[in-house]
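**Q** test case, fold it:
(one chain, ligands or ions: 2)
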Amino acid sequence: MKKENLRQNICKVEATSCQNCSLNGKLMCKFDIKDTIYFIIPVLSAWIAMVAGILHGFISGGLNTFQVVFFFSSYIAYLAFFFQVWENKILCSHCPYYAFEVEKKIKCYANYGIYKAWKYNPAPMSRSEKIQFIIGISLFAGYPLVFLFLAQMYIYFGISLILSIIWIVSMHFLSCSKCPNFSCPLNTVPKNIVDEYLRHNIVMRKAWEGQGYIID
Ligand code: SF4
Ligand code: SF4
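**A** Ligands and ions are numbered 1, 2, ... in the order given. A predicted model of the protein is given here:
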């Protein structure tokens, strides 16, 4: 398969055949900038509110320099570890966007540009990985909220909490319902679509059936 097709297409069908595919439009199985925009705007909104709250706390004297430096350095370090190492392994390494070895970076709607630090594993996520992912994403969203609460920035805490809930709800409807990483605990793609995709992806199908998955 040509490199250009790999970039557009994460199944075993040539990208030019997508128009004739029964899954066309039902899955985010090709990179589309619109999917990234739908995913990233709610996350950025929540982040902006959180960062604004921390900075306002610092300017108004509610937070001292040590607290602000501690927050930003620890959160940035966590984000780097989470995206590049932890989530990269437990979630992304199972995703068909991770599959092609000629590509050194992920080119998906959510983590575009992140290095593939691990070997592709087409089998579904294990129970332990699902639990770790829930813990990891809770820290990702919850750490700044806890910090705002402890700093008594209640208005920013409330706004950030509402925006975080909007992010989770929008992700549920706009991303998780069409994401091809089906074993993610947040994934809501219907089984008939999963089965149809697995018929297009022989490597993943073999790995899934090897773990006991049954295609109807
Ligand atoms: S599953 Fe269908 S729509 Fe998706 S990339 Fe493959 S051919 Fe295209
Ligand atoms: S679609 Fe999701 S699971 Fe797949 S590589 Fe991108 S961020 Fe990771």
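**Q** remind me, longest helix of this protein?
**A** In the chain, assigned by DSSP state H, the helix with the most residues is helix 33-59.
**Q** need the next SSE after it, C-terminal direction.
**A** Heading C-terminal from helix 33-59, the first helix or strand you meet, by DSSP states H and E, is helix 65-81.
**Q** now do that following helix: everything it contacts.
**A** Ile54, Leu55, Gly57, Phe58, Leu63, Leu139, Phe140, Tyr143, Pro144, Phe147, Ala151 (Cβ atoms under 8 Å, 6 or more residues apart in numbering). Every C-beta, even on glycine, is put in place using the N, C-alpha and C of the backbone.
**Q** ok, now with 10 Å
**A** 50-51, 54-55, 57-58, 63-64, 86-88, 136, 139-140, 143-144, 147-148, 150-151 (Cβ atoms under 10 Å, 6 or more residues apart in numbering).
**Q** can you say which of these are buried?
**A** By neighbour count, with 16 or more other Cβ atoms under 10 Å, the contacts of helix 65-81 hold 50-51, 54, 57-58, 63, 86-88, 136, 139-140, 143-144, 147-148, 151 as buried.
**Q** ok, the most centrally placed residue in the chain - contacts?
**A** Centroid-nearest residue in the chain, with Cα atoms, centre = their mean: Ala110, separated by 5.3 Å. Counting by Cβ under 10 Å, 6+ apart, Ala110 touches 28, 35-36, 39-40, 43, 83, 91-92, 95, 97, 171, 175, 179, 181.
**Q** could you single out the nearest of these to ligand 1?
**A** Met28 (8.7 Å; Cβ to the nearest ligand atom).
**Q** what's the burial count for the residue lying closest to Gly53 once chain neighbours are set aside?
**A** In space, and not counting its chain neighbours, Gly53 is closest to Tyr156: 2.7 Å by Cβ to Cβ, 6 or more residues apart in numbering. Counted with other Cβ atoms under 10 Å, the neighbours of Tyr156 add up to 22.
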